[in-house]
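Trainee: Build me a structure from this.
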Amino acid sequence: MTRIWNSIVGKLWATILLLVSFVLFIFTVAMLEFLDDFHMKQAESSLKQTATTISNIVAHTDIDQITDELLEDLLNGDTNGFIALNNQTVISSYQTGINQEKIRNALLNSKEFQRVFDTNEPLIRQMILSSQADEDKMESYFVLGYPLSIEHEVQGVLFIYQNPSALHETTNQTTKIVFLSAFIAFVLTTFFAFFLSSKITLPLRKMRAYAFDIAKGKFDEQLPTNQSDEIGQLAVAFNQMGRQLKHHLEVINQEKEQLSNILTSMTDAVITFNRDKTILLSNPPADRLLQRWFIRNGVDKELFLPEEIYAMLDHVLTFEDKLEEDLEIDGSYYRITISPLKSSGQAIRGAIAVIRDMTEQIKLDKLRSDFIANVSHELRTPIAMLQGYSEAIIDGVVETEEDKNEMIKIIYDESQRMGRLVADLLDLARMESGHTTLVKESVPINSVFERITQKFSQVAKENHIQLMFHTEMSDDVLINIDEDRIEQVLTNLIDNAIRHTPEDGSVTVSLEQELSYLKVQVSDTGEGIPKEDLPFVFERFYKADKARTRTRKVGTGLGLAIAKNIVEAHNGNIRVDSEVGEGTTFTFYLPLN
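Mentor: Numbers count the residues shown, from 1 in each chain. Okay, the predicted model is just below:
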């Protein structure tokens, strides 16, 4: 139905129907008004004529001689009446139907008709009286009060009332005729409208379908052009437009495909911005970069790109020149080049940004420089000791064999320390460059971590430290890890805890499940780590106050950095909590699934 009303046929049909309906409505109202007025005048004339006849009879005879039979002869079928000497005395009457007495009393007690008894002027009114057919129904009547006078003296009043049922019947018949005419007009209008549609709207509907086909990319259809009027010329224009659109779209698609292949094959992120800084186009590397920035800034922020990029965009769009900068954003390094885009009128319509992620390159350069600096720094002391003691031996400074052996032992210890240092440095460098390969397998949690802990039981006894293992995990729970690497992490943490815990202290290894992770804690009751040192404990070669070291055994300063890299390679994380004088707790999480 909605489709018909939205079409030309429906609108044409509705217009004609509204026009015909309006004309019929005006005609019907005027006709019913005319008939109503006509029948009222006819009723008044008929009542007055009847009353005049009775009045003439009364004038030549006596009023008492007007009997009921005479009234019946003088009144027609739908007219009733009675003669009253006053509002209480009725001398003759002719009334049909029911409620005769109610009607008579209503007329006699009417204030308007009381004047008829005192004047010589007839009075006609339309009144609501009881029905002659139904007991509890009221109907409209024409009522005439006509004074009967002899020699200008009122002898009585003739009341004549007529039920306008004939008028109602005529009105109903007229209404039926009008509705029948309206129905015939609707049928003829519908036929006429659809006849026009076959001549006018059918070609238009074909053009509409052809336009939709063009919008869907179907250019092979052709409209018939056998008409020589304006519709035929419009069909020729549609066909030419379809051919031109097909040609231009083929050219655009070829250029778009070439551009898409170029952008997709690029490793740099490419983003095209509109004049209002909205994104128009981006390649897959840019999509990944935008997604990362969007997650970082959150959905509540209006601008999810870094503020530095928006500042560069403002500069390019304002001054219309190319801008290239190296920026650090969230710990990542980018080389960003933004150039203006101009329309055919040389007006700025947007900008294009090429973003190259330099993080890995800078990270590798930093690793290389840090590695050289750290090695040179850490190897300087043992090399100097090796040179000093070896020169003392060569120069014969050592006199006794015992002193010579002690120096040789120091040279051996320092060479071992250098070996460990170089091995740890190489291991850490491989991890931070992402070249660490994990050999994961499912192992039982309790047995593996308890075994690693028990390796230090003898060392703990020698240092008078209580080593405890506590677990809340079931014995049958498995975890997918590289057992050797996790043993390296736990070994480093337990060894550090024992070395930095005084006698009669305790070291506790505990296991529990937190959400979908295994939570491992290594706690000691040692002297703790100062608050200002906590943010740096996982950095390479960082060592807190040497006064905390209970023995002369000092590590390389790389153990915690290695442990952090191993845990993160397992998609976990590690943290430290410590209070000076109370102890330290290292906590790391490993995913259970």
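
Trainee: Identify the residues contacting residue 312.
Mentor: The neighbours of residue 312, taking C-beta atoms under 8 Å, 6 or more residues apart in numbering as the test, are 323, 325, 336, 338, 353. For the C-beta atoms, the positions are set from N, CA and C on the backbone; glycine is no exception.

Trainee: What subset of these is buried?
Mentor: Buried subset of the contacts of residue 312 (neighbour count, 16 or more other C-beta atoms under 10 Å): 323, 336, 338, 353.

Trainee: Reformat those as a markdown table; add pLDDT, secondary structure and distance to residue 477.
Mentor: Shown next, in a markdown table, are the buried ones among the contacts of residue 312 (pLDDT from 0 to 100; DSSP: H, G, I helix; E, B strand; the rest coil; distance: C-beta to C-beta, whole Å):
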| residue | pLDDT | secondary structure | distance to residue 477 |
| --- | --- | --- | --- |
| 323 | 88 | strand | 56 |
| 336 | 90 | strand | 48 |
| 338 | 90 | strand | 53 |
| 353 | 90 | strand | 50 |
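
Trainee: re earlier: just curious, which of the contacts of residue 312 is nearest to residue 127?
Mentor: Closest approach between the contacts of residue 312 and residue 127, by C-beta to C-beta: residue 353, at 92.9 Å.

Trainee: Who is that closest one paired with across the strands?
Mentor: residue 271, residue 338 (DSSP bridges).

Trainee: what about the strands in the stretch 251-400 of the chain?
Mentor: Under the criterion DSSP state E, counting those that start in this stretch, the stretch 251-400 of the chain carries strands at the ranges 269-274, 279-282, 323-329, 332-342, 348-357.

Trainee: How about the stretch 401-550 of the chain?
Mentor: Using DSSP E, counting those that start in this stretch, strands in the stretch 401-550 of the chain cover 441-444, 466-471, 478-481, 506-514, 517-524.

Trainee: Which among these is found nearest to residue 62?
Mentor: Proximity to residue 62 (C-beta to C-beta) singles out strand 506-514 among these, at 125.9 Å.

Trainee: How far off centre is the closest one?
Mentor: Distance, stretch centre to chain centre, for strand 506-514: 47 Å (C-alpha atoms, centre = their mean, to the nearest Å).

Trainee: how about JSON lines for the strands of the stretch 251-400 of the chain, with distance to residue 256 added?
Mentor: As requested, these are exported to JSON lines (distance: least, C-beta to C-beta, whole Å):
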{"stretch": "strand 269-274", "distance to residue 256": "13"}
{"stretch": "strand 279-282", "distance to residue 256": "10"}
{"stretch": "strand 323-329", "distance to residue 256": "28"}
{"stretch": "strand 332-342", "distance to residue 256": "16"}
{"stretch": "strand 348-357", "distance to residue 256": "16"}
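
Trainee: what's the closest of those to residue 560?
Mentor: Ranking the strands of the stretch 251-400 of the chain by proximity to residue 560 (C-beta to C-beta) places strand 332-342 first, at 24.2 Å.

Trainee: tell me the angle that closest one makes with strand 323-329.
Mentor: 150 degrees (axes from the mean of the first three to the mean of the last three C-alpha atoms, to 10 degrees).

Trainee: Strand 332-342 packs against which elements?
Mentor: Secondary-structure packing of strand 332-342 (3 or more C-beta pairs under 8 Å, 6 or more residues apart in numbering; DSSP states H and E): helix 307-319, strand 323-329, strand 348-357, helix 359-394.

Trainee: if you compare these, which one is most tucked away?
Mentor: Ranked by average neighbour count under the criterion mean count of other C-beta atoms under 10 Å, the helices and strands packed on strand 332-342 are headed by strand 348-357 at a mean of 18.

Trainee: got the contact list for it?
Mentor: By C-beta under 8 Å, 6+ apart, strand 348-357 touches 268-275, 280, 286, 289, 309, 312-313, 316-317, 320, 332-343.

Trainee: what about residue 184, how many neighbours?
Mentor: Residue 184: 11 surrounding residues under other C-beta atoms under 10 Å.

Trainee: which element is it on?
Mentor: For residue 184, the enclosing helix or strand under DSSP states H and E is helix 165-196.

Trainee: Could you identify the helix or strand that succeeds that helix?
Mentor: Next along the chain after helix 165-196, taking DSSP H and E as the criterion, comes helix 202-215.

Trainee: still on that earlier bit, ok, which of the strands of the stretch 251-400 of the chain comes nearest residue 209?
Mentor: For residue 209, the closest of these is strand 279-282, at 33.1 Å, according to C-beta to C-beta.

Trainee: contacts for that closest one?
Mentor: In contact with strand 279-282 (C-beta under 8 Å, 6+ apart) are residues 263, 269-274, 290, 350.

Trainee: By mean pLDDT, point me to the weakest helix or strand of the protein.
Mentor: Least confident helix or strand, the chain: helix 2-5 with a mean of 59, by mean pLDDT, DSSP states H and E.

Trainee: could you point out which element follows it?
Mentor: From helix 2-5, the next helix or strand downstream (DSSP H and E) is helix 8-60.

Trainee: Please work out the average pLDDT along that next one.
Mentor: Taken as a whole, helix 8-60 has an average pLDDT of 77.

Trainee: can you check stretch 519-530 too?
Mentor: Averaged across stretch 519-530, the pLDDT comes to 91.

Trainee: neighbouring contacts of it?
Mentor: The contact list for stretch 519-530 (C-beta under 8 Å, 6+ apart) reads 449, 490, 493-494, 497-498, 500-502, 505-513, 537, 544-545, 548, 576, 578-590.

Trainee: May I see the ChimeraX selection of the buried members of these?
Mentor: This is the ChimeraX syntax for the buried subset of these, where burial follows 16+ other C-beta under 10 Å:
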select :449,490,493,494,497,498,500,501,505,506,507,508,509,510,511,537,544,548,576,578,583,584,585,586,587,588,589,590
